Structure formats: C-alpha cells, structure tokens
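> Need the 3D shape of this:
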Amino acid sequence: MINIFNNTKINFISKFKIFSFTSIFFIFLGFLFFVLKGPQLGIDFNGGTELIVHLGNYESNDAVFKNKISSYLNNNNIDSPRIKSYGNQKIQLLFDSSDINKNVINEIIHDFGDKSMNVLSYNKVGSTISSELKSSAFQALFIAILLIGFYIIIRFDWYSSLGSIVAIIHDILIVVSFLMFFSYQFDINIIAAFLIIIGYSLNDTIVVFDRIRENLEEYSKMELYEIINSSLNETLSRTTITSLTTLFVLVSLFLFGGSSLLGLSFALIIGVISGTYSSIFIATPIMMFLRNKYYKEENIKEEEWQ
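Got it, this is the predicted structure:
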C-alpha cells in the first residue's frame, strides 16, 4: 500500500480536547439553525407538489422571475410556491398542497412567458405517505445504529461500541448542521446519504480500533495513550488515501451530477470528511476515556472474585 505519511509522530491525544470543542461548536450552531430557521423539508417528508420547470427562451434573473411567477400564480388563485433555482434554465416550484393540477399549472406557465416554457417533472406526495416516509426513515437510522453497536461489542468491547455509536451520531449531526447552513432540502436521498455515511464512518473506525487492539496485545507494557498515538499514526496513511479517493468521486458527482444529486453528493462529501475525522477525534478518545476509567476496575473486581 502507498504510504504518504511515513513514520509520523503526531500527538493526536493532545488535540482531542480542541477538536471535541470544535465539534460541539458546529453541532450547537446547527441546533440554533434548527430552532430559529428549521430544516427545509422536501415533498418526501413534508407532502405537497413539486414541479421542475424549464424556462425555455425566457430571459430574466432569478429574483425577478421568482417574484413575477409568484404574483402570476396568486392572480390565478394558486397559492404561491417556494421557488428555487434548479440548474441551467430550470427552476423548482414546491407547493404545500398535493392537489395542484399539472395541466392547469402547465397552461398558466405556458401563458406566463415564452411559449417554450414547460413542466419537465411533476411529483406529488400526500400527507399520509410523507408521515410514513419520515417514520420509516427514523426507524432505519435507529436500527442501523443499534445493530452497529451490537456488532462492535461482539468484535471489540463495550468501550469501543459506545465510542463508535457516539461518532456515528456526531457525523449525522454535523451533516444535518451543514445541510441547514447551506439551505439544502431534507428528502429521501438525504436519508440514503446518512446510511452510507454510517457505513463509511464505521469502516474507518474499525480500521483504527483493529490496529489499537493489535498494538495492545503486542505492546502490553506500554501506556494506553502511547499505544493509541502510535496506532493512529500507523493508520493515518491508509485513512487519508481512502478518504481522498472517495472525495474525488463525490466532488465530481457534486460538480457534474446535476441538480437532483446536489443534496445527496453534498451530504456525502461532508459525511466522508466527518467520518474520517470522528474515527480519530471522537470514537478513539471516548474509547480511551472509558477504558482508562473502567478497565482496571473490572480487572480488580475479577481478581477479588477469584
């Protein structure tokens, strides 16, 4: 395997506290955005009607067009939608109602501007279905995290399991925060991104924990912090290469994948960065703290019982 970091001796443990506060800061900002602004829910979770409209030869800047079409729809007794740019010469209209008639909207838009304007995509989701989708999405995330916790307990120990679970929750909260910072919609694609991020973060954490376990067996007389520092330096090259190659693909998807994949690719980019970061600066310090606190106590109790 290619090594881009040879014989590094970075003192990761000395930086644990700084990066922990950095994570708390971003998560707190995300919480403020959630309370003050709230997430932008797509029709998958909010219900309603989504229209993707091609502007044709209509020439106008986004702000002017959005104001004009909102007024025009209101004059035709249709509630004003949320309007967003959707790539080159396209806009997205989100109506809270799922009773919007496609043909009526098509006629109104056709009469509004250039005759080449037309509806490219028409999707609607009822309130019952959107509620079921939200419930299923939360269940999927909860089950995934729970199963991962059991898997880590079986493969490693409960210290590592708790560290992994906290790291995964951290990654999801960081992605949610950044999605709200940049006003991306939460839809079923974002839930798929969360599940992918959970798998990626777990894989990275397992690599780190595997090396720590190997070094604990090999260097049993060394202090725990020395073993952890050494293990993190040994896995740094592998972690960096894996993350960078994955990011190359995701950045390409973000730049050239089209408007419909922007939210998904953006969430995955943040998730890969956060997953790499959390395996070192979230999962590992939690595991180290718990092992330092409880491992010796458990051994003492075993000796007393014998």
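> Can you list the buried residues in stretch 23-38?
Ser23, Phe26, Ile27, Gly30, Phe33 (16 or more other C-beta atoms under 10 Å). (Each C-beta comes from the backbone N, C-alpha and C, glycine too.)
> Leaving out the residues flanking it, which one is nearest to the third one?
Read it as Ile27. Sequence neighbours aside, Leu173 is the residue nearest to Ile27 in space, at 4.9 Å (criterion: C-beta to C-beta, 6 or more residues apart in numbering).
> What about Tyr159, how many residues nearby?
21 (other C-beta atoms under 10 Å).
> can you give me the helices for the protein?
For the chain, the helices defined by DSSP state H occupy 16-36, 43-46, 62-75, 102-112, 127-155, 158-181, 188-218, 224-256, 262-278, 284-305.
> would you turn those into JSON lines with mean pLDDT and distance to Lys9?
Below are the helices of the chain laid out as JSON lines (pLDDT from 0 to 100; distance: least, C-beta to C-beta, whole Å):
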{"stretch": "helix 16-36", "mean pLDDT": "89", "distance to Lys9": "16"}
{"stretch": "helix 43-46", "mean pLDDT": "73", "distance to Lys9": "48"}
{"stretch": "helix 62-75", "mean pLDDT": "72", "distance to Lys9": "52"}
{"stretch": "helix 102-112", "mean pLDDT": "70", "distance to Lys9": "64"}
{"stretch": "helix 127-155", "mean pLDDT": "79", "distance to Lys9": "28"}
{"stretch": "helix 158-181", "mean pLDDT": "90", "distance to Lys9": "23"}
{"stretch": "helix 188-218", "mean pLDDT": "87", "distance to Lys9": "15"}
{"stretch": "helix 224-256", "mean pLDDT": "88", "distance to Lys9": "6"}
{"stretch": "helix 262-278", "mean pLDDT": "92", "distance to Lys9": "20"}
{"stretch": "helix 284-305", "mean pLDDT": "66", "distance to Lys9": "17"}
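> quick revisit: surely the residue nearest to Ile27 is in contact with Phe33, unless I've mixed up the numbering?
No - using C-beta atoms under 8 Å, Leu173 is not in contact with Phe33, being 11.7 Å away.
> ok, the residue nearest the centre of the chain - contacts?
Nearest to the mean C-alpha position of the chain, by C-alpha atoms, centre = their mean, lies Val175 at 3.7 Å. If you count contacts by C-beta atoms under 8 Å, 6 or more residues apart in numbering, Val175 has them with Ala193, Phe194, Ile197, Ala267, Ile270, Gly271, Ser274.
> for these, which one is nearest Ile83?
Ala267 (22.6 Å; C-beta to C-beta).
> what's around the residue lying closest to the closest one once chain neighbours are set aside, how many residues?
Of all residues not flanking Ala267 in the chain, Ala193 sits nearest, at 3.9 Å (C-beta to C-beta, 6+ apart). Residues contacting Ala193 under the criterion other C-beta under 10 Å number 22.
> Can you give me the distance of Ala193 to Glu217?
According to C-beta to C-beta, to the nearest Å, Ala193 stands 37 Å off from Glu217.
> same check, this time on Asn123
55 Å.
> what does Lys134 give?
Applying C-beta to C-beta to Lys134 and Glu217 gives a distance of 45 Å.
> Equivalent analysis for Ser201, please.
With C-beta to C-beta as the criterion, Ser201 and Glu217 are 25 Å apart.
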